[in-house]
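*Asks:* Sequence plus the predicted model coming up.
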Amino acid sequence: MTNKIELDIQKILLSDEEKLSPFAKKSSESLGRRNPIKHDPFRLEFARDETRILHSRPFRRLKHKTQVFLSPHNDHICTRMEHVLHVSSIASVIGRCLNLNIDLINAIAKGHDLGHPPFGHAGERVLDEILKEKRGVESGFKHELHGLRVIDKLTNHGDGLNLTYEVRDGIATHCGESFDRIVAPNRGRDLRELEQINDRGDLPATLEGCLVRLVDRIAYLGRDLEDAIKARLIEKCDIPAKIVKTLGTENGEIIGVFVNDTIANSAGKDHIEMSEEIFELMYMLKDFNYERIYRHRDVERVSAKATNMLKILFDEIDAIYGKSERGTNAPYVNSVIREAPVMETFFNFIKNTNYNENVESWRVVVDYIAGMTDHFAEKTFKQQVMPSPFV
């Protein structure tokens, strides 16, 4: 009886997929996983990926990572976790109207920022600078490519989440900082070579991934505007009249216009598209946000403090890693932990991630710092860098 029920459910799930758009990626067409796993009778493969992401530690830490405003004490200011949930929600609405694979959309959306370091883009910029200027790593640090490393190597004691190739591709190519009116899938790219990606110009291989890439912008532009008003960085009257007239001033209004326009212009097409008029307004809103919010003197002042803190943390932890002989010098490790108990987490991280001796120190330190929440970075800095009474 049980086997019959399982087979019936599988038929229903697969039958639903057959009704999807010819441009959608069906789970039955997936390239699978690098390490095959036992079949699940009640979930298709992309749905399983969403669950794996939701239950992962990197996902849980997103609730204490910055979106724009660093370490907010106001519970109603957007965090990185809220942002990924917004992306998932908005992309699902559009994807359902375009008859795309909602399981794939949700998995990519919920996993797209797992590689983001603490303190938002300030944290990303400082890690990029450290790698390029101090360590000669030309590729620097890009959160979406680090996200691939997080899901492949930095969870489950080095085993990773073992996600499907299509979800991994969507995460590695999601970068919403690139503003394109039309986002078309690169279906010819070999998904088995995702580790070779080093350019933010690489587009997703699926239409679902393209949708998440575009929705990443839709989700943050209006919400950042709303948060900036709450933080009294700007007033509603500061917003350009042309934006107000068509998009409105509330996040819900702005999202609504973007969503409606994207659906109307993408239906029946093998790409995600916005109209020229609404895209122009989106670009105008982006420029306004950069000028009046992201580069606001108060935001930049706090970001500069976070930048300096992470620079010092990198040097401190890198030195400790070397002096501890990669965590094997027990007397030194114990002395560090006595002075800064929080550093026990670092030594456990080294031990549990299965690094081999060929991994360079900068790689280990960047992996560790990028995984920190804002609060944990501050706690580590206070214990490891700030002086405390000796007796």
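*Replies:* Now that the structure is in, tell me what you want to look at. None of the values given here were measured: they were computed from a predicted structure. Numbering: from 1, shown residues only.
*Asks:* Now residue 229: closest residue in space that isn't a chain neighbour?
*Replies:* In space, residue 229 comes closest to residue 236 once its chain neighbours are excluded; the distance is 6.3 Å by Cβ to Cβ, 6 or more residues apart in numbering. Any C-beta I mention is one placed from the backbone N, CA and C, and that applies to glycine too.
*Asks:* can you count the residues close to the one you found?
*Replies:* Number of residues near residue 236 (other Cβ atoms under 10 Å) recorded here: 10.
*Asks:* Number of residues surrounding residue 386?
*Replies:* Using other Cβ under 10 Å, the number of residues around residue 386 comes to 8.
*Asks:* returning to what we had before: give me every residue that touches the residue nearest to residue 229.
*Replies:* For residue 236, the set of contacting residues under the criterion of Cβ atoms under 8 Å, 6 or more residues apart in numbering consists of 229, 244, 249.
*Asks:* so residue 99 touches residue 20, yeah?
*Replies:* Yes: because the distance of 5.6 Å satisfies Cβ atoms under 8 Å, residue 99 is recorded as touching residue 20.
*Asks:* Tell me the secondary structure at residue 256.
*Replies:* Recorded secondary structure, residue 256: helix (DSSP: H, G, I helix; E, B strand; the rest coil).
*Asks:* From here on, call the first residue 170.
*Replies:* All set: I'll call the first residue 170, so the last point we hit is now residue 425.
*Asks:* which ones are touching it?
*Replies:* The contact partners of residue 425, by Cβ under 8 Å, 6+ apart, come to none.
*Asks:* cool, residue 326 as well?
*Replies:* By Cβ under 8 Å, 6+ apart, residue 326 lies in contact with 521-523.
*Asks:* Show the pLDDT at it.
*Replies:* The model reports residue 326 with a pLDDT of 85.
*Asks:* And for residue 173?
*Replies:* For residue 173, the pLDDT comes out at 80.
*Asks:* same deal with residue 243?
*Replies:* pLDDT, residue 243: 66.
*Asks:* got it, and residue 520?
*Replies:* The predicted local confidence for residue 520 is 91.
*Asks:* Surely it is in contact with residue 497?
*Replies:* No: with contact defined as Cβ under 8 Å, residue 520 and residue 497 do not form a contacting pair (9.6 Å).
*Asks:* Report the secondary structure state of the one residue sitting closest to the centre of the chain.
*Replies:* Among the residues of the chain, the one closest to the centroid is residue 282, at 0.6 Å (Cα atoms, centre = their mean). Under the three-state scheme (three-state DSSP), the conformation of residue 282 reads as coil.
*Asks:* What of residue 541?
*Replies:* Looking at residue 541 with three-state DSSP, the answer is coil.
*Asks:* so it touches residue 296, yeah?
*Replies:* No: in terms of Cβ under 8 Å, residue 541 does not count as a neighbour of residue 296; the distance is 11.1 Å.
*Asks:* Any regions of the stretch 370-519 of the chain where pLDDT drops low?
*Replies:* Across the stretch 370-519 of the chain, not a single residue meets the criterion (pLDDT under 70).
*Asks:* is it true that residue 253 touches residue 278?
*Replies:* Yes: Residue 253 is in contact with residue 278 according to Cβ under 8 Å; the separation is 6.3 Å.
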